[in-house]
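Chemist: dropping the sequence and predicted coords here.
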Amino acid sequence: MTELVRVERHGDDGHVAELVLDRPQAMNAVSTAMAQSLTRATADLAEDPAVRAVVVTSTHPKAFCVGADLKERSSFTDDELRAQRPLAQAAYRGVLGLPVPVIAAVEGYALGGGFEIALSCDLVVCGEAAVVGLPEVSVGVIPGGGGTQLLTRRVGWSRAARMIFTAERFSAAEALVLGVVDEVVPSGTAVERAHAIADVIARNSPVGLRNAKRAMRLGFDTDLARGLAIEDEAWAATAFSGDRVEGVAAFNEKRRPVWPGR
């Protein structure tokens with residue numbers, strides 16, 4: 001079976017993985033098969049201790065992902081739509097749950113579920129011709145891949161409300177002003193820029209990266225006292241690791257660390 005989402009490794013050490021959306025004939029519309037492929041790919045990445053950063057890309061030059069495959073869904077019965085729901089949820093949760101930093105490299109359209117894939121990443125880099133939006137209410141549904149929650153957490157209630165309630169599309173420049181995306185670069189260079197960021201990230205301690213992301217994710221939606229407790233647990237898991245020993249030694253010896261990753 002041809003995978004509609006595949007993983008590529010970059011660099012001699014393979015510490016940066018590229019998660020490639022590869023259904024160009026449908027502008028990466030998320031069908032049931034593509035959702036399952038995304039779930040498998042992210043599950044494999046989550047279990048790979050060599051991975052320190054992930055870049056999400058598309059093989060279509062004008063579309064990151066246009067969202068759910070509405071052509072497929074148009075023939076669904078209610079029972080079939082209910083049966084598809086957990087498969088779609090698993091796909092989006094797979095991206096969100098990756099334990100290492102994840103960067104979306106968006107060129108062209110990132111709409112609906114496609115934009116939710118980007119929102120599930122930690123950073124979003126857009127080419128200047130990119131267009132983003134959550135148009136679900138215009139077709140009688142709501143964002144169901146995490147959009148109502150992730151966008152609100154990213155930009156606040158009123159900005160998220162504007163995007164979701166109007167169902168409008170936003171240019172990369174408008175999205176940057178709203179805080180929806182993190183960086184806008186010349187068209188055609190988003191993947192290159194995302195990899196440049198990932199390469200910088202991947203130089204750092206794998207234990208530190210994973211524990212920092214865990215503390216940030218778990219602490220974000222709780223009160224300060226609980227957040228600080230979560231941070232302390234993550235600190236202890238890192239401070240008494242082989243990576244801390246190597247990091248201190250490398251600093252004192254003025255050399256690049258060779259991380260044991262444990």
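Modeler: Nice, thanks for sending it over. Bear in mind the structure is a predicted one, so any value in this text is a computation, not a measurement.

Chemist: give the buried residues for stretch 200-211.
Modeler: Across stretch 200-211, burial judged by 16 or more other Cβ atoms under 10 Å covers 201-202, 204-211. (Glycine included, C-beta is placed from N, CA and C.)

Chemist: typed the wrong thing, it's stretch 209-218
Modeler: In terms of neighbour count (16+ other Cβ under 10 Å), stretch 209-218 has its buried residues at 209-215, 218.

Chemist: can you check stretch 14-24 too?
Modeler: Those would be 15-23, for stretch 14-24 by 16+ other Cβ under 10 Å.

Chemist: now swap in stretch 159-175 and tell me
Modeler: Neighbour counts over stretch 159-175 (16+ other Cβ under 10 Å) mark 159-160, 163-164, 169-172, 175 as buried.

Chemist: what about the helices in the stretch 151-262 of the chain?
Modeler: 157-166, 172-178, 190-202, 206-220, 224-239, 242-252 (DSSP state H, counting those that start in this stretch).

Chemist: so what does the third one touch, helix or strand wise?
Modeler: To tie it back to what came earlier, the one meant is helix 190-202. Packed against helix 190-202 by the contact rule (3 or more Cβ pairs under 8 Å, 6 or more residues apart in numbering; DSSP states H and E) you find strand 16-21, strand 53-58, strand 102-106, strand 123-127.

Chemist: pick the most buried one from the ones you listed.
Modeler: Neighbour counts (mean count of other Cβ atoms under 10 Å) averaged over each of the helices and strands packed on helix 190-202 peak at strand 102-106, with a mean of 29.

Chemist: so what touches that one?
Modeler: 19, 53-58, 64, 95, 110, 117-118, 120-127, 130, 132, 172, 181, 190-191, 193-195, 197-198 (Cβ atoms under 8 Å, 6 or more residues apart in numbering).
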